[in-house]
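*Asks:* Need a 3D model of the sequence below.
(3 chains)
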Amino acid sequence: MSNRSDVLSPKLSRHLLTISDLSREGAIHILDTADELARVSDAPIKKLPTLRGRTVVNLFYEDSTRTRISFEAAAKRLSADVINFSAKGSSVSKGESLKDTALTLQSMGADAVILRHSASGAAHRLAQWTDGVVINAGDGTHEHPTQALLDAFTLRKHLKGARGEDLSGVRIAIVGDILHSRVARSNVLLLSLLGAHITLVAPPTLLPVGVHDWPVEISYDFDEAIGECDAVMMLRLQMERMKSAFFPSAREYSRLYGLDRERMKKSKKNPLILHPGPINRGLEISADCADDVDSVILEQVANGVSVRMAVLYLLLGGSHE
Amino acid sequence: MAIKAVLSSADIDRALMRISHEIVEKNRGSDEILLLGIPTRGTYLAERIGIAMGKAMGKSSSEPIPVGTLDITLHRDDLRSKPPRALTPTRIPGESIDGKRVVLVDDVLYSGRTIRAALDALGELGRPALVQLAVLVDRGHRELPIRADYVGKNLPTSHDEVVRVSIAEVDGEDFVAIVGANQYE
Amino acid sequence: MSNVEKIANKPIVIQSAYSLEGKKVDLRIESGVISDISEAGSLKASDVDVINAEGLQLLPGLVDLHTHLREPGREDAETVRSGSAAAALGGFTAVHAMANTEPVADTAGVVEQVVRLGRKAGYCDVFAVGAVTQGLNGAQLAELGAMAHSMANVKVFSDDGKCVFDSLVMRRALEYVKQFDGVIAQHAQDPRLTENAQMNEGVVSARLGLAGWPAVAEEAIIARDVLLAEHVQARLHICHVSTAGSVEIIRWAKARGIKVTAEVTPHHLLLTDSAAESYNPVFKVNPPLRTERDVQALRTALVDGTIDIVATDHAPHPKESKECEWSEAACGMVGLETALSVVQESIIESGLSNWKTIAERMSTAPAKIGRLTHHGLGITKGAPANIVLYDTAARRTVSEIRSASKSMNNPYFDRTLPGQVMYTFLHGNLVVAKGDLVNPL
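*Replies:* Residues are numbered from 1 along each chain as shown, chains lettered A, B, ... in the order given. Got it, this is the predicted structure:
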């Protein structure tokens, strides 16, 4: 027993399904915790005993080596046991329902399930069928909360610096296929929660009809919008959108909404460029700009592990009343 | 609520001064000493000890004794008993702790579990030459085979008493008091 | 045309029920018809079976123009027997079974089979809706005449589940059924605007990342179809109207004298698209739940008659079709057993209208559209005894409702709803008594 005064973390929701699960306080706390945990990665022995005895399952219905490995590294650094289920070649691909898979994982004693799935709302459903903690690693076109957290972490590190800080005063443009982007939805929620000023830049066809309700500005003019930005987040464009007449051609898209040196010259602040990866070189980012982005992407990888460690610690590290 | 003050501000100053001299003496004035305070109050005590040691060793202010802070939250053995605790900072001056004479500094030594966690945390940061422990107050009731090398004051207490350490940098003034549990409102 | 030929043994006197005018009346049923109605306490109670209906509301047997009984082909979800029993518990004495079965009801053989199954079960009169196109392919007209002239006497034709999208095919269908006083019931949904659509397109869908089903996809088809109906001078019926814009178009069409009728489902009178936030697919339905503004417009339209009837679009689905991700789930909600309660909550208890109007919308008008001869004739002396006694003061949590339907996809699962059907008479025979089936399933 200790009379050490315990400072508890701000109360977080049981699961991390959507950024709406977080309060402003909770979000800042996750970033601060990630900041501390980042130093673990600098230590010679990258291991903490904190989640020893906990079992974390990566349930990935969509291929995503990077996100899965990031969660795996995060869980293992906290000494949790990690089990990987990927869609190919398992009972999952043979048509076992999400519900049955959830019940199986439950009886295996999974303390947490990290789910990536192509259906919006899959994580919400999974949370109905399992007692463990559910972390949404990307559900359809709905949300990808830990991606937004790591984007916010990177932005804060470069533009604000200190612990305890939010993102007020930061001006960011999110550019591209907003309509189909779970990264965009989570970022709009999180960055506005943290006080950033957000401009969405996209052709009208790639903005959802309900976007007027979001705490953002809209612009169809990338050259104009990039002027005052401290940061620009480029979203990945999927070429199959052309088939449903969202935009006429790759050439027209990249001319109007792609990032290249010419457009960068129109910015007044030399903005930080973010991209959730992988980049379509020449489409949303020109080859010469892509190299600049690459270095941030590598930094994002490390930040991703720290942020995911923070999420795992805060959701699994204590008791749940 | 009746509070029994057992150490005044002056008592604390004297104790820290004595501890500082003891550390210098026991370590034969080594240059490899590294003070690590355990947050929150241990950190400030470590800073004060560092300054006092510097004076005792005749060091100029440009070559201070290295003082850092070591978070032990993630190594606690009672994490699951409460909702997640907030992490505190870990800042280690210098390149690494390998080969250093680390002196852990904390305000109160009680069950010894905090120090056990601190030793585990240190183990992941490197391999010190040795680890010593300085505490302002030792209140007894060890649950693990842990002992302090430097003690400000031995304070025998009963389990239902609470030792309250007040430190100017955190609480506004310096004192140590024992609060009887049945005297809480 | 009566499906059920059994005659009850003794006459029945119902005492002290509320008439549609709100007066207390006694009512006598004999040889399958209402043989007398008069002031409460005035009818002789000897040599008869007596039902004390103190506090209960008299309603004419309800007529559902739009139900899915799933048989043939999807008996795992519902059968004609279980569905018609559910209908009786909901106060319906006649239902129209939609044609999107397996095989599709596009021949005399299938529609006759459905009618026969209904007669055998005996819980309510089951009428068959015939498909407009073969196999619901939208391209080739089905043998509408054969179905109309069969023993099933089909009057209502619909490809419901799918839209008759080809303008030429729709025009021809509207014209063709005039010869036997039939009507085409259109499921208005432009398939190109709703590819892989999951829920109403709007603020909620934007936030939830679910593909949107825009209101215009319904409204544009209705606009086209009312103009076609005007041009060829045919009757037209619009299934499950769900948007304020659709209501405006129908109002305009009626003002021009176009022979269009329209239906609304109970769920579109009560629920909105914010129900999707839980991602629980029990709320996934086609057409989707819309906004509060749409709900209010639909209620107003039902009361002022722009929308002629309430039709349940009872759509049973087995558990595995709803216990999955939203995008994988089937569309539809069960509704026969809760229809009257939901209408009571949304129209009566909100103060918008009264039981007399509801009786018109849920019995008289649908019977007229379907050209039924033994239903929808009201509660008058000499009319067939298709009658319901309804307890308006009851309150039930939906989980308590013992369901006859085989499926559980009920969107009111966490609610308390008002009202309960206590007695249902089908041609003078008691099918539901004291809230339960007289012949259990």
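*Asks:* going forward, measure contacts between C-alpha atoms and count neighbours the same way
*Replies:* Noted.
*Asks:* hang on, residue C:319 packs against residue C:408?
*Replies:* Yes. In this structure, residue C:319 is within contact of residue C:408 by CA atoms under 8 Å, at 7.2 Å.
*Asks:* residues from the stretch 51-200 of chain A in reach of chain C?
*Replies:* Neighbours of chain C within the stretch 51-200 of chain A, by CA under 8 Å from any CA of the partner chain: A:97-99, A:119-122, A:124-125, A:140-143, A:179-180, A:182, A:185.
*Asks:* ok, of these, which come out buried?
*Replies:* The neighbour-count criterion (16 or more other CA atoms under 10 Å in any protein chain shown) marks A:98-99, A:119-122, A:124-125, A:140-143, A:179-180, A:182, A:185 among these as buried.
*Asks:* Which residue is it, in the stretch 1-150 of chain A, that comes closest to chain C?
*Replies:* Here the stretch 1-150 of chain A gets closest to chain C at one residue, residue A:142, 4.1 Å apart by CA to the nearest CA.
*Asks:* Need phi/psi at that residue.
*Replies:* As for residue A:142, its main-chain torsions (degrees, to the nearest 10) stand at phi -90, psi -80.
*Asks:* how close does the nearest residue to residue A:241 once chain neighbours are set aside sit to chain C?
*Replies:* Nearest non-adjacent residue to residue A:241, counting by CA to CA, 6 or more residues apart in numbering or on different chains: residue A:247, 7.4 Å away. From residue A:247 across to chain C, the span is 16 Å (CA to the nearest CA, to the nearest Å).
*Asks:* my guess is residue A:247 meets residue A:256, correct?
*Replies:* No. Residue A:247 is beyond contact range of residue A:256, at 10.8 Å (criterion: CA under 8 Å).
*Asks:* For the top helix by length along chain A, which helices and strands make contact with it?
*Replies:* Counting by DSSP state H, the longest helix found in chain A is helix A:287-316. Counting contacts by 3 or more CA pairs under 8 Å, 6 or more residues apart in numbering or on different chains; DSSP states H and E, helix A:287-316 is packed against helix A:24-42, helix A:65-77, helix A:145-159, strand A:272-274.
*Asks:* quick one, the first one and helix A:287-316 angle?
*Replies:* Angle, helix A:24-42 to helix A:287-316, by axes from the mean of the first three to the mean of the last three CA atoms, to 10 degrees: 110 degrees.
*Asks:* and the residue nearest the centre of chain B, what pLDDT?
*Replies:* Closest to where the C-alpha atoms of chain B average out (CA atoms, centre = their mean) is residue B:106, at 1.5 Å. Residue B:106 carries a pLDDT score of 97 in this model.
*Asks:* Report the separation between the closest residue to residue C:348 other than its chain neighbours and chain A.
*Replies:* Distances taken as CA to CA, 6+ apart put residue C:354 closest to residue C:348, at 5.7 Å, once the chain neighbours are dropped. Counting by CA to the nearest CA, the gap from residue C:354 to chain A is 37 Å.
*Asks:* ok, so what distance separates residue C:354 from residue C:347?
*Replies:* Distance, residue C:354 to residue C:347, using CA to CA, to the nearest Å: 8 Å.
*Asks:* Look at these two and report which has more neighbours.
*Replies:* Neighbours per residue (other CA atoms under 10 Å in any protein chain shown) separate residue C:354 from residue C:347, with residue C:347 holding more: 23 against 16.
*Asks:* tell me the contacts of the more buried one?
*Replies:* Residues near residue C:347 by CA atoms under 8 Å, 6 or more residues apart in numbering or on different chains: C:299, C:353, C:354.
*Asks:* mind putting the residues you listed in TSV, pLDDT and secondary structure included?
*Replies:* Converted to TSV, those look like this (pLDDT from 0 to 100; DSSP: H, G, I helix; E, B strand; the rest coil):
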residue	pLDDT	secondary structure
C:299	98	helix
C:353	97	coil
C:354	96	coil
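*Asks:* Leaving out chain neighbours, which residue sits closest to whichever residue of the stretch 1-150 of chain A sits closest to chain B?
*Replies:* Ranked by CA to the nearest CA, the top residue of the stretch 1-150 of chain A for proximity to chain B is residue A:8, at 4.2 Å. Among residues not flanking residue A:8 along the chain, residue B:85 sits closest, at 4.2 Å (CA to CA, 6+ apart).
*Asks:* same deal with residue A:180?
*Replies:* Counting by CA to CA, 6+ apart, residue A:180 lies nearest to residue A:141, which is 5.2 Å off, once chain neighbours are set aside.
*Asks:* contacting residues around that neighbour?
*Replies:* Residues in contact with residue A:141 (CA under 8 Å, 6+ apart) are A:118, A:119, A:120, A:179, A:180, A:181, A:182, C:209, C:210.
*Asks:* doesn't it fall inside a strand?
*Replies:* No. Residue A:141 is assigned coil when assessed by DSSP: H, G, I helix; E, B strand; the rest coil, not a strand.
*Asks:* any idea how far residue B:54 is from it?
*Replies:* When distance is defined by CA to CA, residue A:141 is 60 Å away from residue B:54.
*Asks:* What of residue A:41?
*Replies:* Distance from residue A:41 to residue B:54, by CA to CA: 32 Å.
*Asks:* More neighbours: these two, which one.
*Replies:* A count of neighbours by other CA under 10 Å puts residue B:54 above the other of residue A:41 and residue B:54, at 20 against 16.
*Asks:* need the strands for chain B, in chain order.
*Replies:* Secondary structure of chain B (DSSP state E): strands located at B:3-7, B:33-37, B:67-69, B:101-109, B:130-138, B:150-154, B:161-166, B:175-180.
*Asks:* wait, does the third one contact chain A?
*Replies:* In other words, strand B:67-69. No. Counting by CA under 8 Å from any CA, chain A is not contacted by strand B:67-69; separation bottoms out at 12.3 Å.
*Asks:* Isn't the residue of the stretch 1-150 of chain A closest to chain B up against residue B:81?
*Replies:* No. Taking contacts as CA under 8 Å, residue A:8 lies outside contact range of residue B:81: 11.7 Å.
*Asks:* so residue C:420 is in which element?
*Replies:* If you go by DSSP states H and E, residue C:420 is part of strand C:416-426.
*Asks:* and that strand, what other elements does it pack with?
*Replies:* Strand C:416-426 is packed against helix C:80-89, strand C:92-97, helix C:339-343, strand C:387-397, strand C:429-433, with contacts defined by 3+ CA pairs under 8 Å, 6+ apart.
*Asks:* Overlap of the contact sets of residue A:247 and residue A:256?
*Replies:* Listed as contacting both residue A:247 and residue A:256 by CA under 8 Å, 6+ apart is no residue at all.
*Asks:* Now chain B against chain C: closest residue?
*Replies:* residue B:83 (26.4 Å).
*Asks:* residue contacts, that residue?
*Replies:* By CA under 8 Å, 6+ apart, the neighbours of residue B:83 are A:8, A:9, A:317, A:318, A:319, A:320, A:321.
*Asks:* List buried residues within those residues.
*Replies:* By neighbour count, with 16+ other CA under 10 Å, the contacts of residue B:83 hold A:9, A:317, A:318 as buried.
*Asks:* quick one: which of residue C:319 and residue C:408 has more around it?
*Replies:* Shown here are residue C:319 and residue C:408; by other CA under 10 Å, residue C:408 has more neighbours (19 against 15).
*Asks:* isn't the more buried one right up against residue C:334?
*Replies:* Yes. With contact defined as CA under 8 Å, residue C:408 counts as touching residue C:334 (7.3 Å).
*Asks:* so what sits against both of the two?
*Replies:* With CA under 8 Å, 6+ apart as the test, residue C:408 and residue C:334 both reach residue C:316.
*Asks:* Out of the buried ones among the residues of the stretch 51-200 of chain A next to chain C, which is nearest to residue C:421?
*Replies:* residue A:125 (34.7 Å; CA to CA).
*Asks:* Give me the neighbour count for residue A:212.
*Replies:* Using other CA under 10 Å, residue A:212 is surrounded by 13 other residues.
*Asks:* oh, I was asking about residue A:238
*Replies:* The tally of other residues near residue A:238 (other CA under 10 Å) stands at 11.
*Asks:* Need the contact partners of the strand or helix carrying residue A:116.
*Replies:* Assignment of secondary structure by DSSP H and E places residue A:116 within strand A:112-117. Residues outside strand A:112-117 that contact it (CA under 8 Å, 6+ apart): A:55-62, A:123, A:132-140, A:316.
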